[in-house]
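[1] The amino acid sequence is not available; the structure is as follows:
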């Protein structure tokens, strides 16, 4: 009864569920829009992309995704993964199987993060594909002639991932807590919109709000800052630890399981 | 209560009406304690118990107890019928036994190990089906089993074996949500069997099945018990169904265990509780004439304990000689249904 067994079992449960398609479509949406834009308006795109087209292209892509789409994807994903058990009435069978509470809780958590990483990889590949295809169609788009700053891209991805960790932990806990998926989704959406509004208003405590953190990462990434991780990214890690442990304790001490 | 009893009776095609059953209660069943523990000393003291609960009590919010001092003893190799009307506390008991509910009072030991302390080790040896089937609707039968095969880490060939055992080997790419209720129920039993458990807990496994499905499930339970030596606890609200397969029986009502023992003990009790029902032209005089037979009046009838055929004839003769017309004389057995009702009525 190892953790790997539990994880493999959880992975099979996601087969044919919407979570795979949600990750793929969510990741493909913005790159598809850019592809259409580059193909239809190559001159304008070329001007905007400037000297370092890949950097600008990926940054624009992340800006399209980071503020709303990525947090919303995490909200939906957490609800979908836990709803597999609620909808099928299978929690009781899961808890009556010889798995520790830790295995049950953390294997699902790992599935959510696997899907988030899958989303990241798919998004980057789609963005890459968008650049290559549009450059093949229009010669004035300089993607194929320009160098590719892998380190910068990996760094941006890592920071975006870190800044979604807090949201993922909160939403996983909420999605485990409530059988009705409308509740975690409603709370998630409300918090996200509130965070976007508060960010735009320049609230001084916004860096403490997990739902604002992917957006803040995009805001700070192009500015000269001290240290690799910014305060809001540290806060995302802290929120992740607190809500993950809190959610786990909630599972352990829940009187009625399944 | 009476409504519940009637429902049980109707389920089992009982030929007498509920009122008759109801009227007979308490007259011929005198129990001293709440729990009627029958059985040989060997059952009580010497057998190895696969499941033992000690004074299990439970209450949900509102403080009304749903379980009161439940001490189940399921001997090794038994098919233990756990019987009680809907809402009696069967599922709550079984959820406690599987660790799905936290134990508030009492303790649970399965295969000699305390559930709380050795949860995983205990669950490794237990297969379960609680209430409705719990299957992943978007997965096929094979994939549903594979989900649990990975958890239990059993060889891959077990999936084909189990599918054959529950008769679902030809379902191919059909998803579980497209299955009929009977197929879902069988697949759920398959999940419970996958890791070859020593102890199987089946909560109302025939709920919602057609007669054919009920028979198939029963045969499967008996076969598992006989050929693979699996100890099985099967709960039901239908006595006739449990009676056909159980070796041991526990009767629960309003959260209290009213009877626990072998099926034979229960049947022996039934033999003891035969009686004669009489309807005469003058019950008052008849009551006096039959004093030697310890008669009792009941809703316009007289009831006498059945002792022998000769005694029935003698009682009849006495009445006829006393100038009383006997309109109706019938020997009646307290069948298991009746006993169940009596036990549950008495506990009120």
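    Structure received. Keep in mind that this is a model prediction, so the values were computed, not measured. Numbering: from 1, shown residues only, chains lettered A, B, ... in the order given.
[2] Helix or strand: which one has the closest residue to residue A:149 other than its chain neighbours?
    When the adjacent residues along the chain are set aside, residue A:149 lies closest to residue A:55, with 5.9 Å between them (CB to CB, 6 or more residues apart in numbering or on different chains). No exception for glycine: its C-beta is placed from N, CA and C like everyone else's. Using DSSP states H and E, residue A:55 sits in helix A:53-66.
[3] tell me what that helix is packed against?
    Under the contact criterion of 3 or more CB pairs under 8 Å, 6 or more residues apart in numbering or on different chains; DSSP states H and E, the helices and strands touching helix A:53-66 comprise helix A:18-40, helix A:42-49, helix A:101-137, helix A:150-177, helix A:213-220.
[4] How far off centre is that helix?
    15 Å (CA atoms, centre = their mean, to the nearest Å).
[5] buried stuff in it?
    For helix A:53-66, the neighbour count (16 or more other CB atoms under 10 Å in any protein chain shown) marks A:53, A:54, A:55, A:57, A:58, A:59, A:60, A:61, A:62, A:64, A:65, A:66 as buried.
[6] what's in contact with that helix?
    Judged by CB atoms under 8 Å, 6 or more residues apart in numbering or on different chains, the contacts made with helix A:53-66 from elsewhere in the structure are A:30-31, A:33-34, A:48-50, A:123-124, A:127, A:130-131, A:141-143, A:146-149, A:152-153, A:156, A:160, A:214-215, A:217-218, A:221-222.
[7] hey, which of the helices and strands packed on helix A:53-66 is tucked in deepest?
    helix A:213-220 (a mean of 23; mean count of other CB atoms under 10 Å in any protein chain shown).
[8] Helix or strand next in line after that one, which one?
    helix A:231-253.
[9] Let me see the mean pLDDT of that next one.
    Average pLDDT, helix A:231-253: 96.
[10] Is the residue in the stretch 201-348 of chain B positioned nearest to chain A inside a helix or a strand, and which specific one?
    Of the residues in the stretch 201-348 of chain B, the one nearest chain A is residue B:201, at a distance of 8.5 Å by CB to the nearest CB. If you go by DSSP H and E, residue B:201 is part of strand B:199-203.
[11] mind checking the SS state of the nearest residue to residue B:97 once chain neighbours are set aside?
    Taking CB to CB, 6+ apart as the measure, residue B:97 lies nearest to residue B:108, with 5.8 Å between them; neighbours along the chain are not counted. The assignment at residue B:108 comes out as strand when based on DSSP: H, G, I helix; E, B strand; the rest coil.
[12] correct me, but residue B:108 touches residue B:98?
    No. When contacts are counted by CB atoms under 8 Å, residue B:108 is not listed as touching residue B:98 (9.3 Å).
[13] just to revisit the earlier point, which one is the residue of the stretch 201-348 of chain B closest to chain A nearest to, not counting chain neighbours?
    Nearest non-adjacent residue to residue B:201, counting by CB to CB, 6+ apart: residue B:128, 4.4 Å away.
[14] Over to residue B:150?
    What sits nearest to residue B:150 in space, not counting adjacent residues and going by CB to CB, 6+ apart, is residue A:9, at 4.0 Å.
[15] got the contact list for the one you found?
    Taking CB under 8 Å, 6+ apart as the test, what residue A:9 contacts is A:107, B:147, B:148, B:150, B:151.
[16] Sticking with the closest residue to the first one other than its chain neighbours, tell me its helix or strand.
    If I follow you right, that is residue A:107. In space, not counting the residues next to it along the chain, residue A:107 is nearest to residue A:6; the distance is 3.9 Å by CB to CB, 6+ apart. Taking DSSP H and E as the definition, residue A:6 sits inside helix A:3-13.
[17] ok, now residue B:287?
    Taking DSSP H and E as the definition, residue B:287 sits inside helix B:283-289.
[18] If you count contacts, what does that helix end up packed against?
    Other helices and strands packing on helix B:283-289, by 3+ CB pairs under 8 Å, 6+ apart, are strand B:301-305, helix B:309-321.
[19] looking at the ones you listed, which is buried most?
    By mean neighbour count, with neighbours taken as mean count of other CB under 10 Å, strand B:301-305 ranks first of the helices and strands packed on helix B:283-289 at a mean of 20.
[20] and the angle from it to helix B:309-321?
    Here strand B:301-305 runs at 140 degrees with respect to helix B:309-321, directions being taken by axes from the mean of the first three to the mean of the last three CA atoms, to 10 degrees.
[21] residues from chain B in reach of chain A?
    Chain B has residues B:95, B:98-102, B:119-121, B:123-124, B:126, B:128, B:130-139, B:143, B:146-148, B:150-153, B:191 near chain A, with proximity defined as CB under 8 Å from any CB of the partner chain.
[22] Now intersect the residues you listed with the helices, please.
    Among these, DSSP state H puts B:95, B:119-121, B:123, B:143, B:146-148, B:150-152, B:191 in helices.
[23] So among these, which ones count as buried?
    Members of those that pass the buried threshold by neighbour count (16+ other CB under 10 Å) are listed as B:95, B:119, B:123, B:143, B:146, B:147, B:148, B:150, B:151, B:152, B:191.
[24] give me the number of residues near the nearest residue to the fourth one once chain neighbours are set aside?
    If you skip the residues right next to it in sequence, residue B:143 has residue A:12 as its closest partner in space, 6.4 Å away by CB to CB, 6+ apart. The burial count assigned to residue A:12 is 17, neighbours taken as other CB atoms under 10 Å in any protein chain shown.
[25] Contacts only, for residue A:12.
    B:139, B:143, B:146, B:147, B:150 are the contacts of residue A:12 under CB under 8 Å, 6+ apart.
[26] rewinding a little: relative orientation of the helix holding residue A:6 and helix A:101-137 in degrees?
    On the basis of the same axes, to 10 degrees, helix A:3-13 is oriented at 60 degrees to helix A:101-137.
[27] Buried residues, helix A:3-13. List them.
    Of the residues in helix A:3-13, A:5, A:6, A:7, A:8, A:9, A:10, A:12, A:13 count as buried by neighbour count, 16+ other CB under 10 Å.
[28] Adding pLDDT and distance to residue A:199 as columns, could you present those residues in JSON lines?
    Converted to JSON lines, the buried residues of helix A:3-13 look like this (pLDDT from 0 to 100; distance: CB to CB, whole Å):
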{"residue": "A:5", "pLDDT": "94", "distance to residue A:199": "42"}
{"residue": "A:6", "pLDDT": "96", "distance to residue A:199": "38"}
{"residue": "A:7", "pLDDT": "96", "distance to residue A:199": "35"}
{"residue": "A:8", "pLDDT": "96", "distance to residue A:199": "40"}
{"residue": "A:9", "pLDDT": "96", "distance to residue A:199": "40"}
{"residue": "A:10", "pLDDT": "96", "distance to residue A:199": "34"}
{"residue": "A:12", "pLDDT": "96", "distance to residue A:199": "39"}
{"residue": "A:13", "pLDDT": "96", "distance to residue A:199": "36"}
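[29] Got the domain ranges for chain B?
    Listed domain ranges for chain B are B:33-269, B:274-332 (source: automatic domain parsing).
[30] any idea of the mean pLDDT for the longest one?
    Right, domain B:33-269. Across domain B:33-269, pLDDT averages out at 89.
[31] Now find how far off-centre it is within its chain.
    Per CA atoms, centre = their mean, the centroid offset for domain B:33-269 relative to its chain is 12 Å.
[32] same deal with stretch A:132-150?
    27 Å.
[33] Likewise for stretch B:307-315?
    Taking mean C-alpha positions (CA atoms, centre = their mean), stretch B:307-315 and its chain are 34 Å apart.
[34] again, but for stretch A:152-168
    The mean C-alpha position of stretch A:152-168 is separated from the chain mean by 8 Å, CA atoms, centre = their mean.
[35] what comes up buried for stretch A:239-249?
    Under the neighbour-count criterion of 16+ other CB under 10 Å, stretch A:239-249 has A:239, A:240, A:243, A:244, A:247, A:248 buried.
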